[in-house]
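**Q** Take a look and give me a structure for this.
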Amino acid sequence: MTKHTIARFAGIAAGAVMILGFASSAGAQTVTVAQLQAQIAALMAQLNAMQGSSTTGTAAITSNLTVGSTGSQVTTLQNSLIAGGYLHASATGYFGSLTKAAVMAWQAANGLPATGFFGPLSMAKFNASAGATVTGGTTVGGTTTGGTVSAGSTTSGTITTPGVEGVLNVTAGPLSSTVLYAGQTMVPVMTVRNQAQLSDIAVERITVDLGTSTNIYNKVFTKLYAVDAATGQVLASQVLNSSTVTQSGTDYIVNLSGFSDVVKAGTYKDIQIKADLYSSINTTYANGTSYTFTIPANGVRGTDGAGIDQYGPTGSFNQSVTVNQALTDSAQANIALSPSSPLTNSVPVTDTTNNQYLQLPLLAFQVTAQNDSLHLHQVEVDFTGVPTGNTTATATAAYLYNGTTEVGTASINTSTGVATFANITDGTAGASIPLNTAATFWVKADVTGVSAGSLAISAKVNTGSTKTIIYNSLDSQATNSGSSVGNTITVLGKGPAFVLNGTPTLAIASTNTNTTSGVSTSTLTATFNVTVTAVGGDVMFGTQASATPMFLFDIYKSGVVVAPAGNVSTSTFFQIPSNVTTTGLSNSFVLSQGNSVTIPVTYSFDDRLTTGALTGGSTGNSPFTVDVAKLQWVTGGVAANTTYTAGQPAWTTNQVVGAAR
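**A** Residues are numbered from 1 along each chain as shown. Below you'll find the model as predicted:
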């Protein structure tokens with residue numbers, strides 16, 4: 001032995017004397033026997049290292065070992081610890097407090113968390129440093145391929161409070177959904193909230209009680225996982241079968257272990273218990289059947305900074321979940337009117353030679369797929385057409401589109417007005433609706449024979465199990481619900497077609513107070529911007545000075561129409577467009593066939609009468625709105641009007657409360 005080695009040995013011996021002396025002092029009550037043994041073992045390990053001790057050739061350890069473990073692998077561990085100078089006792093094959101202290105010393109010397117639990121991290125380090133081999137397989141990263149070991153290892157965080165004893169509180173955490181379906185994988189079934197107090201605590205095992213029936217793991221659930229809820233990291237997993245599930249009294253339990261998930265002192269960490277379900281479950285066990293997962297008292301074990309095992313909860317808690325058949329069996333198609341569906345409107349024929357409008361957009365509806373991907377198999381659409389001034393106008397053919405993709409065509413029954421898009425097979429372009437998405441479909445129709453009058457036409461999707469049929473991914477019928485009813489579109493062969501540009505507005509234009517009565521009055525002005533096209537002939541319109549003006553308006557107060565006559569002072573104003581005919585006309589103008597003009601028009605009214613009474617009633621804080629009640633014209637010497645704009649949201653202004661109170 002060299003002088004240098006003798007000097008180091010003397011230092012180590014002195015350190016041992018200091019430790020023993022400290023243990024015998026008055027303050028030694030704070031040092032446990034296990035801690036003292038660990039410190040002595042660490043010093044002896046240094047001495048053995050200088051003397052060239054080695055564990056090369058030791059048999060592999062392939063099981064988690066902790067206090068209470070027994071068997072040949074414990075003996076292997078103890079022999080190695082004895083050879084390394086960490087354990088000063090004979091190998092008994094029983095993992096007790098002395099072995100735990102020795103393991104802690106060995107872990108500290110090898111850069112591992114000194115928990116005393118000999119898990120996957122310790123196994124990997126031990127087997128690699130000792131030159132251990134595993135019969136029948138190759139050890140790669142702590143996992144044996146082709147052999148008997150498949151434990152793996154997961155460590156999250158390190159303990160930063162060495163020597164400090166802590167407290168572990170375990171409670172139930174939140175769960176987003178308690179409804180499960182056959183075939184789901186890694187779906188949460190409960191949340192375990194672990195709170196560390198005083199010391200960091202490494203959670204290393206969770207025991208889950210599956211209840212008193214084997215059906216829960218033989219018929220319904222195939223595997224459990226422990227998952228760090230914050231990171232999504234899988235800490236441990238266990239296949240459920242008769243070998244991994246053990247009976248404790250009348251209940252069946254399974255342990256999720258072999259990991260170390262550190263909870264920092266003063267914080268909590270949620271570990272979710274997730275599960276895989278059998279892909280096919282008999283309806284006896286998956287027809288809204290309830291199953292309960294329980295964390296028993298002391299079912300969670302962790303190790304604190306002092307290497308002491310901490311347990312929780314103090315009392316059991318549980319979580320019940322409901323299991324149904326596969327999602328495909330509960331596939332749902334929700335049908336609704338699309339926001340892009342055409343508003344009530346009038347349009348001219350696009351082909352004036354043949355008096356027709358081919359593929360007129362009438363209805364846009366959405367189908368939302370829930371629980372499974374879906375595809376259209378049959379869509380029944382009911383068309384309603386009302387011809388005016390022309391009995392030959394009709395709708396003959398219907399089309400179903402997804403965007404620009406044609407899904408199908410159908411004839412419109414002349415007696416019933418029904419068109420059925422039938423036998424749409426899976427794989428048809430545009431017919432699919434992916435899971436949790438809404439697909440928009442358009443219904444169009446050919447309108448023909450509109451030579452002089454007009455055809456007011458609308459469409460709706462007839463829902464119901466025999467009318468509109470939507471299939472799930474297995475080509476079984478999904479449940480559909482909802483409705484989709486389109487607005488009325490008037491196709492003109494002759495007359496004016498009106499289009500509202502932008503959004504109409506209502507604002508307070510001015511406010512004044514009568515100096516005598518002290519009564520305040522505000523003038524509100526509504527503004528509309530309308531484009532009109534003359535279809536099939538010239539059209540005459542009256543100015544605001546005419547007895548039959550082009551525009552008439554309704555005032556609403558709190559949703560109730562306020563009749564303009566006798567109640568309010570009104571004023572309508574618009575300029576006569578420049579590209580119209582006024583020659584020889586009084587208070588009117590003519591728009592020539594095929595021409596279009598855009599007319600901005602305003603309508604003003606007072607919110608208080610000259611007598612001081614409030615317009616439309618006594619309540620002063622009620623809001624006003626204005627819409628276009630009627631559009632009037634003359635064509636071919638015959639006076640006519642359009643009223644579809646009345647009450648239409650698109651033709652109605654915003655709400656405004658006047659200044660009068």
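**Q** make it CA atoms for all contacts and neighbour counts henceforth
**A** Will do.
**Q** tell me the contacts of the residue positioned nearest the centre of the chain?
**A** Against the mean C-alpha coordinate of the chain, by C-alpha atoms, centre = their mean, the closest residue is residue 436 at 8.9 Å. Residue 436 is in contact with 368, 369, 370, 371, 372, 373, counting by C-alpha atoms under 8 Å, 6 or more residues apart in numbering.
**Q** got it, and residue 125?
**A** By C-alpha under 8 Å, 6+ apart, residue 125 lies in contact with residue 110.
**Q** So it, which state does it fall into?
**A** Classification of residue 125 by DSSP: H, G, I helix; E, B strand; the rest coil places it in helix.
**Q** Also residue 413?
**A** Applying three-state DSSP: residue 413 is coil.
**Q** from what I can see it touches residue 419, true?
**A** Yes - judged on C-alpha atoms under 8 Å, residue 413 makes contact with residue 419 at a distance of 6.3 Å.
**Q** The two: who's more crowded?
**A** Neighbour count, other C-alpha atoms under 10 Å: between residue 413 and residue 419, residue 419 has more, with 23 against 15.
**Q** Quick check: which element contains that one?
**A** Per DSSP states H and E, residue 419 falls inside strand 418-421.
**Q** and that strand, which strands flank it?
**A** strand 374-388 (antiparallel) (DSSP bridges).
**Q** what's the spacing between the strand it pairs with and its chain's center?
**A** A distance of 32 Å separates the C-alpha centroid of strand 374-388 from that of its chain, computed with C-alpha atoms, centre = their mean, to the nearest Å.
**Q** mean confidence for it?
**A** The pLDDT scores in strand 374-388 average 89.
**Q** Mind exporting the C-alpha coordinates of it to CSV?
**A** Extracted C-alpha coordinates of strand 374-388, given in CSV (Å, rounded to 0.1, in the frame of the first residue of the first chain):
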residue,chain,number,x,y,z
LEU,A,374,-69.3,9.7,-42.3
HIS,A,375,-70.4,9.7,-45.9
LEU,A,376,-73.7,10.6,-47.6
HIS,A,377,-75.6,7.6,-48.9
GLN,A,378,-79.0,9.3,-49.8
VAL,A,379,-80.3,12.8,-49.6
GLU,A,380,-83.9,13.7,-50.1
VAL,A,381,-84.8,17.3,-50.9
ASP,A,382,-88.2,18.8,-51.1
PHE,A,383,-88.7,21.7,-53.6
THR,A,384,-91.6,24.2,-53.3
GLY,A,385,-92.2,26.4,-56.3
VAL,A,386,-94.9,29.1,-56.7
PRO,A,387,-95.2,30.5,-60.3
THR,A,388,-96.5,34.1,-60.7
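**Q** ok, and what's touching it?
**A** Contacts with strand 374-388, where a contact means C-alpha under 8 Å, 6+ apart, come from 331, 333, 393-395, 412, 417-426, 431-435, 453-463, 467-473, 478.
**Q** Out of the contacts of residue 436, who's the most crowded?
**A** Counting by other C-alpha under 10 Å, residue 369 has the largest number of neighbours within the contacts of residue 436, with 26 neighbours.
**Q** Can you check my assumption that that one lies in a helix?
**A** No - read with three-state DSSP, residue 369 is strand and lies in no helix.
**Q** Read off the pLDDT value for it.
**A** At residue 369, the model reports a pLDDT of 91.
**Q** Quick check: beta-bridge partners of it?
**A** Bridge pairing for residue 369 - DSSP bridges - gives residue 333.
**Q** Now do the same contact list for it.
**A** 331, 332, 333, 334, 433, 434, 435, 436, 437, 438.
**Q** Just the buried ones from these?
**A** 331, 332, 333, 433, 435, 438 (16 or more other C-alpha atoms under 10 Å).
**Q** so where do the helices sit in the protein?
**A** Remark: helices assigned in the chain by DSSP state H are 3-23, 33-50, 72-83, 97-109, 120-129, 215.
**Q** For residue 442, name its beta-bridge partners.
**A** Per DSSP bridges, the residues bridged to residue 442 are residue 364, residue 401.
**Q** Taking the buried ones among the contacts of residue 369 together, which two end up most distant?
**A** Spatially, the most separated pair among the buried ones among the contacts of residue 369 is 331 and 438, at 13.9 Å (C-alpha to C-alpha).
**Q** picking that back up, out of the contacts of residue 369, which one has the weakest pLDDT?
**A** Among those, residue 331 has the weakest pLDDT, 80.
**Q** what's the span of stretch 383-392, first residue to last?
**A** 16 Å (C-alpha to C-alpha, to the nearest Å).
**Q** same thing with stretch 225-242?
**A** Length of stretch 225-242, first residue to last, C-alpha to C-alpha: 17 Å.
**Q** Looking only at that stretch, what residues are buried by neighbour count?
**A** Here stretch 225-242 shows 225, 226, 227, 228, 229, 234, 235, 236, 237, 238, 239, 240 as buried, counting by 16+ other C-alpha under 10 Å.
**Q** Tell me where the model's unsure across the protein.
**A** Filtered on pLDDT under 70, the chain yields the residue ranges 1-58, 130-155, 326-329, 388-391, 514-519, 563-570, 608-621, 659-661.
**Q** Would you map out the domains in it?
**A** In terms of domains, the chain is parsed into 30-150, 167-325, 330-493, 497-651 (source: automatic domain parsing).
**Q** JSON lines for the ones you listed, including distance to residue 159?
**A** As requested, these are arranged in JSON lines below (distance: least, C-alpha to C-alpha, whole Å):
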{"stretch": "domain 30-150", "distance to residue 159": "7"}
{"stretch": "domain 167-325", "distance to residue 159": "6"}
{"stretch": "domain 330-493", "distance to residue 159": "43"}
{"stretch": "domain 497-651", "distance to residue 159": "64"}
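**Q** The closest residue to residue 230 other than its chain neighbours: neighbouring residues, count only.
**A** In space, and not counting its chain neighbours, residue 230 is closest to residue 270: 7.2 Å by C-alpha to C-alpha, 6 or more residues apart in numbering. Applying other C-alpha under 10 Å, we find 20 residues neighbouring residue 270.
**Q** Next: the one 4 residues further on.
**A** The local packing count at residue 274 equals 19, with neighbours defined by other C-alpha under 10 Å.
**Q** residues contacting it?
**A** 186, 187, 188, 189, 190, 224, 225, 226, 227.
**Q** repeat for residue 636
**A** So residue 636 contacts 537, 538, 539 (C-alpha under 8 Å, 6+ apart).
**Q** Where neighbours are concerned, which of those has the most?
**A** So for the contacts of residue 636 (other C-alpha under 10 Å), the most neighbours sit at residue 539, 25 neighbours.
**Q** Surely it and residue 590 touch.
**A** Yes - Residue 539 lies in contact with residue 590 (C-alpha under 8 Å); the separation is 5.6 Å.
**Q** Once you drop chain neighbours, what's closest to residue 206?
**A** Nearest residue to residue 206 in three dimensions, chain neighbours excluded: residue 300, at 4.5 Å (C-alpha to C-alpha, 6+ apart).
**Q** Looking at strand pairing, list the partners for the one you found.
**A** residue 206, residue 312.
**Q** ok, now which ones touch it?
**A** So residue 300 contacts 170, 203, 204, 205, 206, 207, 311, 312, 313 (C-alpha under 8 Å, 6+ apart).
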